[in-house]
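K.L.:
got a structure for you, letters missing:
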């Protein structure tokens, strides 16, 4: 009796394993058949991949641009500076003394005095207009003090308060916080980030509709085959499985084509951008998509393809029934 029970359990276990093996085998066969059918019309498949890739590259490229701008903004924000432009009557000794006094403040990391003659020499070297400004009766560039602030969590509020205090000093003609334009840049980046999300949502809907319409045409072309499968007992899940794989492959190919587009654009604009950075004395290089970014983009594209397939299957495939 115990031997019969063990044999029954063994037969049930083998049956379950065989059923599971058959299930995965059918999925693999369906996947390979879907892949073969896609390449039966290579031009249509490549155009769909390219269309999906272009649609994805727009928000993805904007996202990479914002990521590079954010990293650059953080690098610039690491050296908060206040520029003090001194009155023309201030002597060099008075300017150096004021810079020394400012450097002893707890909120100031360092303060460097720059005379009007030194500022003129730097301007001529950077602009290349050597000797042109010497035609003026007097030096138009005032002496200044560059005040570097200590980094802290209260830096924005602290810098604004310090600017107001330094602007009231006797020798100071004007106090300017060099990071004000960074705050404006940050606000602009927030606006562009919202625009990027809106663009991503709209284009994602467009990708779902594009892939859904492509699969709808495939469903119509295989209507007779679908009717035969349903007449022989095929379930809706069995019939829709190839089209779900269609959507997955369309999304996968679209994600890969998007990565190729972004890589081509990156290679194309990197040399002139690097030359521009060197011309301005910087070392800024555009950062392309990383491995995690590429994986996430391909996963999102594949998910959009599956979503487009579900839209087509739900709207068109379930309406095909044998009479």
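P.N.:
Received it, and whenever you're ready, just let me know what you need. This is a predicted model, so every value here is computed, not measured.

K.L.:
quick one: the helices in this structure?
P.N.:
In the chain, the helices defined using DSSP state H lie at 2-40, 42-77, 92-103, 116-127, 155-167, 180-221, 223-231, 236-279, 291-315.

K.L.:
residue 148: which of those is closest?
P.N.:
Closest to residue 148 of these is helix 92-103 (Cβ to Cβ; 9.1 Å). (Each C-beta comes from the backbone N, C-alpha and C, glycine too.)

K.L.:
helices or strands next to that closest one in the packing?
P.N.:
In terms of contacts (3 or more Cβ pairs under 8 Å, 6 or more residues apart in numbering; DSSP states H and E), helix 92-103 is packed against strand 108-114, strand 144-149.

K.L.:
looking at the ones you listed, which is buried most?
P.N.:
For the helices and strands packed on helix 92-103, average neighbour numbers computed from mean count of other Cβ atoms under 10 Å are highest in strand 144-149, which has a mean of 21.

K.L.:
re the thing from before, looking at the helices and strands packed on helix 92-103, which is nearest to residue 88?
P.N.:
In terms of Cβ to Cβ, the element of the helices and strands packed on helix 92-103 nearest to residue 88 is strand 144-149, at 11.9 Å.

K.L.:
tell me what that closest one is packed against?
P.N.:
If you count contacts as 3+ Cβ pairs under 8 Å, 6+ apart, strand 144-149 packs onto strand 81-86, helix 92-103, strand 108-114, helix 155-167.

K.L.:
hey, which of the ones you listed is tucked in deepest?
P.N.:
strand 81-86 (a mean of 20).

K.L.:
contacts for that one?
P.N.:
Residues outside strand 81-86 that contact it (Cβ atoms under 8 Å, 6 or more residues apart in numbering) are 95, 98, 142-149, 159, 162-163, 166, 169, 171-179.

K.L.:
any idea of the angle it forms with strand 144-149?
P.N.:
Computed by axes from the mean of the first three to the mean of the last three Cα atoms, to 10 degrees, the angle separating strand 81-86 from strand 144-149 equals 150 degrees.

K.L.:
now strand 81-86, how far from the centre of its chain.
P.N.:
36 Å (Cα atoms, centre = their mean, to the nearest Å).

K.L.:
perfect, I'm done here.
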